[in-house]
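> Got a predicted model here, sequence first, then my questions.
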Amino acid sequence: MSDLESMAEELIVEAARRGDVDSLGMLYRRYYATMVWLAYSVLLDRDLAQDAAQQTFVKACEGLTDLKCPDRFAPWLAAICRNEAHRLIRARKQLVGRRQANEIEVTHPVHDNDDHSAVRAAINGLDPMYREIVILHYYNGMDYRRIAATLGIGGHTVRGRLFRARRQIEETLRKNGFPEGS
């Protein structure tokens, strides 16, 4: 994010902290899709991810006055979103536990002739810190700089994690019979 964009965002966050509804709406429009994809990287379920993103904004609105550094809004929002996604996982496990099940697992069936499903399964099998970067970059179309700003990590960290994630995806696909370089 450029310095001008960063300053503008800080002003929007400050206005939202003072209760300006239009500023809250701007932040919602700017970050909703990103929060859906971030929640999806944890939940692997689009509907639950949308629920988590919506709840993230409810909690953000409730706690916005507690935000100490307006320039850290995006990482703060991302942390709320991750926590909300994990809360949904725990709630779902408790519900399943009440039904006498041992654990819950979100799966996407992989068909031998369905390359897209195989790639999705390889992505879903990544460690969450890698999966969230892959999903934000490839599914949400975010560049490295924006991912770094949103997650509150360095650009080199984003590049490194994305590189390692690609290697793991390649390795998984190769193990599942995909030829190298396809």
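That came through, no problem.

> now the helices for the protein?
Along the chain, counting by DSSP state H, helices occupy 3-17, 21-43, 46-63, 73-98, 115-124, 128-134, 144-151, 155-175.

> What residues sit buried inside the shortest one?
Residues 130-134 are the ones in helix 128-134 that count as buried (16 or more other Cβ atoms under 10 Å). From N, CA and C alone the C-beta is placed, and that goes for glycine too.

> one step back: using CSV, lay out the helices of the chain together with mean pLDDT.
Below are the helices of the chain laid out as CSV (pLDDT from 0 to 100):
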stretch, mean pLDDT
helix 3-17, 82
helix 21-43, 95
helix 46-63, 95
helix 73-98, 88
helix 115-124, 87
helix 128-134, 94
helix 144-151, 93
helix 155-175, 94
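
> Leu64 contacts Ala15, doesn't it?
No. The pair Leu64 / Ala15 is not scored as a contact, 10.6 Å apart, by Cβ atoms under 8 Å.

> neighbour count winner among these two?
The neighbour count for Leu64 versus Ala15, taken as other Cβ atoms under 10 Å, is higher for Leu64 (20 against 17).

> List the residues that contact that one.
Residues in contact with Leu64, defined by Cβ atoms under 8 Å, 6 or more residues apart in numbering, are 13, 16-17.

> per-residue confidence at it?
The per-residue pLDDT reported for Leu64 equals 93.
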